[in-house]
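J.: please find the sequence and the predicted model below.
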Amino acid sequence: MNEIEMARQRKAAEAGAGRRHKGLSVFRLKVIGAVFMALSVASTTLVPTLFGPLNADNMTGLTVAVICEIASWCAVPIYAWLLFDGWKHTGNRVRYGIELFIVASLAGFPYDKIMTGHWFDARTHNPVWGLFFAYVVLVCIDWIRRTYSGAPRWLLAIAVIIAGVLWNLIMRVGVSQRVMYTGALALAFVLIFYFLNNRENTMMFTAGLLGAVMCITPAVGVAFLHYRNGELGYRHSWTKWVFYALYPVMLLIGALL
């Protein structure tokens, strides 16, 4: 049993998580998130292949694509929680950040190809960059809270949060249907999980309210999180690499289509 699994079990025991043993483990949450993530990729790749060009003359294909994309937004709070949970339990936060950076970089090329028709386009950035930027903000805020106190702590934290939001908006990270900025939304969820982590009901209610305001479907993702049980759910360390590779591989297949 590795160190992370032992830490999870100790924390679950302290919190009385044994009462929710039948809930959703991290593994199951990752599977659910991957399904919703696949819907997003399918909306711009598989659906046009099956139904033809997405335009006003093809309402069937357009409707299916929109439904798939909107449903995929359920994944935003799930991946935001998995990011926060990973940050909380990892034994090497620098390595964890590097892993996110590599995944975002690898996903960038096929994502740009799908969205713009070019293998590289600086005008758009895939949603994994939103998770990476959220991670950077999370690390900075945690360091500020441990280093400063009083007004400087809050002023610096607010400045970092504003910088993170602006970076997501300016770089158009994970922009979907021109209405959903998944990068900025993921950052908002991560901050809720960080600041309200010790108050479960308040945290879930706040996250659910944010999800409901943001086109409702992210609130469905929060509902899944309510049934998490705190367990890792898999024994082999290579399993996490499968999930890391899943999104870039999905995008690559979609780009080749």
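T.: Yep, that arrived. Fair warning: this is a prediction, and the values are worked out from it, not measured in the lab.
J.: so where do the strands sit in this protein?
T.: In the chain, the strands defined using DSSP state E lie at 175-176, 180-181.
J.: sheet partners, orientation included, of the first one?
T.: Looking at strand 175-176 with DSSP bridges, its partner strands are strand 180-181 (antiparallel).
J.: how confident was the prediction at Arg10?
T.: pLDDT recorded at Arg10 is 56.
J.: residue nearest the centroid of the chain?
T.: The centroid of the chain falls nearest to Tyr79 when counting by CA atoms, centre = their mean (3.0 Å).
J.: look up how far Ala71 lies from the nearest residue to Trp81 once chain neighbours are set aside.
T.: Leaving aside its chain neighbours, Trp81 sits nearest to Leu225 (5.3 Å; criterion: CB to CB, 6 or more residues apart in numbering). Backbone N, C-alpha and C define where each C-beta goes, glycine included. Leu225 sits 17 Å away from Ala71, going by CB to CB, to the nearest Å.
J.: do the same with Leu83
T.: Counting by CB to CB, the gap from Leu83 to Ala71 is 21 Å.
J.: for stretch 146-165, which outside residues touch it?
T.: Defining contact as CB atoms under 8 Å, 6 or more residues apart in numbering, one finds that stretch 146-165 is touched by 133-134, 136-137, 140-141, 144-145, 184, 187, 191.
J.: ditto for stretch 95-106
T.: Residues contacting stretch 95-106 (CB under 8 Å, 6+ apart): 83, 86-87, 90, 125-126, 128-129, 131-132, 135-136, 139, 244-245, 247-248.
J.: again, but for stretch 55-66
T.: Outside stretch 55-66, the residues that touch it by CB under 8 Å, 6+ apart are 43-44, 47-48, 50-54, 177.
J.: tell me the mean pLDDT over it?
T.: Mean per-residue pLDDT for stretch 55-66: 90.
J.: over to stretch 85-103?
T.: The average pLDDT within stretch 85-103 is 95.
J.: that stretch: how far from the chain's middle?
T.: 14 Å (CA atoms, centre = their mean, to the nearest Å).
J.: enumerate the positions of it that are buried.
T.: 85-90, 96-97, 99-100, 103 (16 or more other CB atoms under 10 Å).
J.: what's the straight distance from one end of it to the other?
T.: Taking CA to CA, to the nearest Å, stretch 85-103 runs 18 Å from one end to the other.
J.: now stretch 53-65
T.: The first residue of stretch 53-65 is 11 Å away from its last residue (CA to CA).
J.: one step back: tell me which of the contacts of stretch 55-66 is nearest to Thr116?
T.: Using CB to CB, Thr44 comes nearest to Thr116 of those, at 11.2 Å.
J.: the residue nearest to the centre of the chain touches Ala186, doesn't it?
T.: Yes: taking contacts as CB atoms under 8 Å, Tyr79 lies within contact range of Ala186: 6.7 Å.
J.: any residues in contact with both of the two?
T.: 127, 131.
J.: quick one: low-confidence parts of the stretch 151-257 of the chain?
T.: Nowhere does the stretch 151-257 of the chain drop to pLDDT under 70.
J.: returning to what we had before: let me have the strands of the chain in JSON lines, adding distance to Asn201 as columns.
T.: JSON lines is the format used below for the strands of the chain (distance: least, CB to CB, whole Å):
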{"stretch": "strand 175-176", "distance to Asn201": "30"}
{"stretch": "strand 180-181", "distance to Asn201": "27"}
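J.: and those: which comes nearest Gly230?
T.: Closest among the strands of the chain, using CB to CB: strand 180-181, at 29.2 Å.
J.: contact partners of the closest one?
T.: Residues contacting strand 180-181 (CB under 8 Å, 6+ apart): 73, 168-169, 172-175, 214-215.
J.: could you turn the buried ones of those residues into a PyMOL selection?
T.: To isolate the buried members of the contacts of strand 180-181 in PyMOL, using 16+ other CB under 10 Å:
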select buried, resi 73+168+173+174+175+214
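J.: closest to Pro110 out of the contacts of strand 180-181?
T.: Among the contacts of strand 180-181, Gly174 lies closest to Pro110 (CB to CB), at 14.6 Å.
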